[in-house]
Each structure stands twice: as structure tokens, then as C-alpha cells.
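Chemist: this one's sequence-less:
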């Protein structure tokens, strides 16, 4: 998987003299010392990050962690103080304004927390905004915007003002605006954070559905760890401007590697995150009968020794929560591939352990803030 | 002992000398300023005086109907007819042309200046104290340099009106643009808007209600000043009041005052309605255009329009 965006050693310092502050930082000053002595705020602290093509990469962090600042450095709404942002391998940190505008018009688009819709423009005008910036004529603009509105299911609202729409619908418009340009990189800054939980879940599903069809490269910013887990192919966790953990969702949960990260993973519903593969035993099991090509044909009952169909077969990517339902009453669970070939089985113990997570010995004494 | 009376700064002499020097050496410059003001004023004034009063009454009433609603339209018609009946029509039209001239000049000067101030911190740092001084100076005080530099009469009066009326529009334009939601500006930039596109597509449309609020303030300032400039020989309703005062003719002074109040109410309501109409939350289809406007004018008041339309009626209306 190639990287569409690569961030290298990026710093963003807010203050009167960022260059001076950067020198202090390089000389070993801490973030607090910097603030006390120069009044400069370290927004992004030496972050390096790769955003792979065609996947959703999530940057997760609490407010003030610098995640939105980092996202704005990627399309240079904010100028990075130091470091590089590479787009398809080209450094865009120092390209001129004209080139930058081209990049913003054709290669990256953005979705905002409070939707960022223009209240005086109709829904379709909002969706067509990026195309208008590209200098495309009204007829063509509206035709394209109309198509995109169709895909987010808002065709009927084209001529209404955003104020007439609910929050979820407004963000669909925001999403449609981002999809209407030919840009295949989407920066989504807390895109669903302003929505109530039910709608948020719905929009996450919508994004995944669209992503399945469109395969955009998405940089998704959120403060919600559950959201990060649901959407992210990769998750990067930021704290105090620095990137403290990066990895696939399951990796991050199994090996937080950091107290700060562990505090988030504690409350994760593991049954929805982990799949059969993570708890599967790949060993041969004498009770499962296979044919000559390795396909599962039946389960031999322990008591009677007869071959029965009294078992459940699941795919490696089936989530534990689905398996837990199927495995009720001690039904054996086998894992098979799409052709029905036996891959392994799920021991009940492993299933339970997978859902409950590793035991933390001194759980009562540890307080995570 | 220290005697305060011994020390004296001849500031009055200095200013006198300074202004005389300016008037003498920069005469072409002041004529250059005077010329477009005079042309505009004369055009508007002769236009207003040439058209028969009844046609103007109807025109203004229709304008009020279009911008605001039936209430203001009726008020406008009655007020103008009343002004005509107390025989102040010509004076009212002169005052109106003074104000109209000031509005045109203020829009041409004030909005670009306000935009500049909103986009350049340096410009705002220079303009802001100037506006502060302009707005704290009693409008009365402007008359002196205006007379020295531009002479007496209606045209110098118009110049004074413009000077007094411009600051609110500059301030409100600046404020309106600066207040535009940061996320909207970011959205504009993120989609590759040039600074011109950002201004026209994002900032100005968003700032329009605030700018029109500033226009309302400018119109009221112009109204006040259009009366005061009677003291430097400008004609109009102010002159009626001044004459009334001079002759201790209470009746004449009073009808002048009534004319001013009626005109002021019309202008205030009109510009306020204009600002209110531009609020983004007011329910209206965006692709309204002329047809919609006519439909609304025919439908009468705003409420009736809402009841007839298929637009969703929002709770905050």
C-alpha cells in the first residue's frame, strides 16, 4: 500500500516568534518552559505519520491534543513551523500559493466539525462550491453536484438552505461537497462529533458504505476512541501535540503501550472489535470432519460418535459478538474460508478471554484520567 | 509664583493658519472632491424634483412594500402625502437628495475601506483611531473646516454629511467580515478559493446583514447631519427649522421638525428591513429572484408569504 500523504517531523508553534521557539525546543526546552518563557504554544510536536492510499486513517486525541492542528497543516490552512508534508511523495510544505490552490481544488477536500456549510447558499450550491472554485460552469457544476447529492440521498433537498436540514443531513451535504470535487483525499475534522450518538453511528455506517464504493484516502480526526476503532484502518493517537501510538485498531487495543492509550482501550467493547481470527486455534480438531479438499463436512458428537450438522461455521473476519451468539449452549464453532475449507476452531475459553480482555492485576488501584 | 495666565498656546491661530494654508495650496484637490459630490447631488435632486410628487409617493410606497411590507408602505404613503400637504415637499426632496448622495458616496468609500481594514491588520490600525476621532468629534465641529475648504451651500453640506456618515459603514463592514465564522473561511480556503473568491463567495455574503446594519446607522447619521448643515447654508428641511428659530416662528420650526422625523422614520425602517431581510435564517428559497419578490410583494406581509409557501416553518421564526 503506497502512502498518499506522509508527514515528516512536523512542528507547529503558535506565537509571536515561532522560529525562536523552535530553536529553544531543539535546544531541549520543554513545552511548558516554552509557554512560560515565550508565550508560544506548541501545537504539533515532531509528528511523523503516513496515510496509506484508499484507507481511512484516524487521528484520535482529546481536545487540545493538536489533532485538528495537524490536519490543517496537511492542507496548509495552517502553515507548519517546521517539517515536511509529502503528497504522493512531493513536498508541498513550500509550494507557492497557486500550486497549493490547485492541490486544494483537485486533490484534497475537507469536511468540518460544524459542517462549514454556507448558510446563504442552497444545498446544491454548497455541494457545487468546490467545482465553482475550479471554475466549472454552472450547468456542469449542478449536474455533478446533483449526482453526488443522489449518492448521499439528499436529492430532494437540493434547493433548500442548510438551515432547513437536520444535523445529520447537513453533514451529508458537507460530505457531498467533499466528494463532488475530483479530490481523492478527504480530511475529515471531527466530522461526526457534533452529531448525536444515534446519527453519528448512522453517519459512520454511511462513510464506510461510501468508502467501500469509492476507496478514497481519508484522514479522519476524532476524539472518540470508539469511532476511531470503527472507522480506522490505522489509528494514530495524539496527546499534547505528540503522536504517542500508531497502529491497526486491534494492535492498539491489545498492546496500548502507554498508560494514556490504555485508558481509552479499557472501555472498548472488544466483542465488536476482535474477530474470529484473533481467538482462533489453527490446530486440527479431531471432532471436525473434513473431506479430501479440506472442506468441513460435519461435527462428530462426543457422546454418540455420530456425524451431525450441530455446529456453527464462521469466517475469520466474523466479530466475536456474532460468534458469542452462535456459540450459546456450547455449540462448537469452526472457522472456514469462503470455500468452506476448515481454517481452525474457536475454543470457548479463548472466545471468553477475547471478549473480556486481559486481566489487569491492580485494576482497583490504577486511576486513569 | 507660577502664573497660569502667563503661558498661552496660540493653538487657534495655528489651526487657522494651517487650514488657510491647506485651502490655498490644495484648492484643486478640494475642487476635485467637490466635483463628483456636486454632480451626484444635482442629478439626484433635480431627478426628485422633476418627477410629480404623486408618482414619487407611489414609487416609495411600492419600494417599502417590496423591502418591508404593507405596514411600512402605508406609513410611507401617508407620511409623504402629509409632508406635501404641509408644503415642505421641495425641502424634503432636497434633504433626501443630500442623504442619497451621502449614501452613494459612503457605500463607494466605506465598504471598500471596511474590506481593506478587515483584511489588513495594518490598515485597521491606521483607520481605527481616525474613526475614533471622527466619531467622538461633535458633528457640529466639522462645519468649520468644511466651510473653509469647500465654501458654503448645499454641496459643501453634502461633503460634511458624507464625512459624518461614513464611519459606521466602515466599522460595520470591517466587523461583519471579521465576524464571519472561522470554519466557513477555512472551508473556502480548503476548497482552493482565491482571496477574491473568498471575499465574494464567503465573506461578503456572510457579512451582508452586518454591513446593512452599518448602512442603517450611516443613513441615520446622514439624516442628522443633513439637518445640521443648514447652518452652513445647505437647503432642505434643516433650513426650515433654522429659519423658524431665527424668526422665533415656532410653527415653522415645528413643521420642519415634523418633516424631518417622518423622513427619518421612513429611512430607518426601510434600511432596517433591508438588513433584516438579509439574515440567513429568515426562511426563503435561495433561488428566489425577481419572481419570488413580486410574489411576496403581491402576497403582502411576510407572515402571509410564510403561510402560503411550502417552505418548512422553523421554530425560531
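Modeler: The structure has been received and is ready for your questions. What you are looking at is a predicted structure, and each value in this text was computed from that prediction instead of being measured. Numbering: from 1, shown residues only, chains lettered A, B, ... in the order given.
Chemist: residue A:62 looks like it's in a strand, true?
Modeler: No - per DSSP: H, G, I helix; E, B strand; the rest coil, residue A:62 lies outside any strand segment and is coil.
Chemist: neighbours of the closest residue to it other than its chain neighbours, just the number please.
Modeler: The spatial neighbour of residue A:62 that comes closest, neighbours along the chain excluded (CB to CB, 6 or more residues apart in numbering or on different chains), is residue A:223 at 5.5 Å. Every residue, glycine included, has its C-beta placed from N, CA and C. Residue A:223: 17 surrounding residues under other CB atoms under 10 Å in any protein chain shown.
Chemist: need the contact list for residue A:223.
Modeler: For residue A:223, the residues meeting the contact criterion (CB atoms under 8 Å, 6 or more residues apart in numbering or on different chains) are A:60-63, A:67, A:190, A:193.
Chemist: for the residues you listed, which single residue is the most surrounded?
Modeler: When neighbours are taken as other CB under 10 Å, the top entry among the contacts of residue A:223 is residue A:67 (28 neighbours).
Chemist: Provide a list of residues in contact with that one.
Modeler: When the contact criterion is CB under 8 Å, 6+ apart, the partners of residue A:67 are A:59-61, A:221-223, A:238.
Chemist: where does the chain dip in pLDDT?
Modeler: This is for chain A. Along chain A, the model assigns pLDDT under 70 to residues A:1, A:329, A:358-369.
Chemist: can you look at chain B instead?
Modeler: Within chain B, the ranges that satisfy pLDDT under 70 run B:1-2, B:279-317.
Chemist: have a look at it and report its longest helix.
Modeler: Secondary structure assigned by DSSP state H gives helix B:89-119 as the longest helix of chain B.
Chemist: give me the next element, helix or strand, following it.
Modeler: Towards the C-terminus, the helix or strand next in line after helix B:89-119, according to DSSP states H and E, is helix B:121-136.
Chemist: what residues of the longest helix seen in chain A count as buried?
Modeler: Within chain A, and with DSSP H defining each element, the longest helix by residue count is helix A:197-214. Within helix A:197-214, the residues that count as buried by 16 or more other CB atoms under 10 Å in any protein chain shown are A:199-200, A:203-204, A:206-207, A:210-211.
Chemist: now for that helix, which elements pack on it?
Modeler: Identification of packing neighbours for helix A:197-214 by 3 or more CB pairs under 8 Å, 6 or more residues apart in numbering or on different chains; DSSP states H and E yields helix A:167-180, helix A:225-231.
Chemist: who's in contact with the last one?
Modeler: Residues from elsewhere that reach helix A:225-231 (CB under 8 Å, 6+ apart): A:56, A:58, A:60, A:192, A:200, A:204, A:207-208, A:220, A:222, A:235, A:249, A:253, A:264-265, A:268-269, A:273.
Chemist: out of those residues, which end up buried?
Modeler: Taking 16+ other CB under 10 Å as the criterion, what is buried in the contacts of helix A:225-231 is A:56, A:58, A:60, A:192, A:200, A:204, A:207, A:220, A:222, A:235, A:249, A:253, A:264-265, A:268, A:273.
Chemist: which one of the residues you listed sits closest to residue B:105?
Modeler: Of all those, the one with the least separation from residue B:105 (CB to CB) is residue A:192, at 49.8 Å.
Chemist: spatially central residue in the chain, please.
Modeler: Here I'm looking at chain A. Nearest residue to the geometric centre of chain A (CA atoms, centre = their mean): residue A:232, 2.8 Å.
Chemist: ah, I was thinking of chain B
Modeler: The C-alpha lying nearest the average C-alpha coordinate of chain B belongs to residue B:219 (CA atoms, centre = their mean; 2.8 Å).
Chemist: look at that residue and give its secondary structure.
Modeler: Each residue gets one of three states, and residue B:219 gets helix by three-state DSSP.
Chemist: how close does it sit to residue A:311?
Modeler: Distance, residue B:219 to residue A:311, by CB to CB, to the nearest Å: 84 Å.
Chemist: quick one: the strand or helix carrying residue B:75 to helix B:89-119, angle?
Modeler: According to DSSP H and E, residue B:75 maps onto helix B:70-85. Direction vectors for helix B:70-85 and helix B:89-119, defined by axes from the mean of the first three to the mean of the last three CA atoms, to 10 degrees, enclose an angle of 130 degrees.
Chemist: go through helix B:70-85 and flag the buried ones.
Modeler: Buried residues in helix B:70-85, counted by 16+ other CB under 10 Å: B:70, B:72-73, B:75-77, B:79-80, B:83-84.
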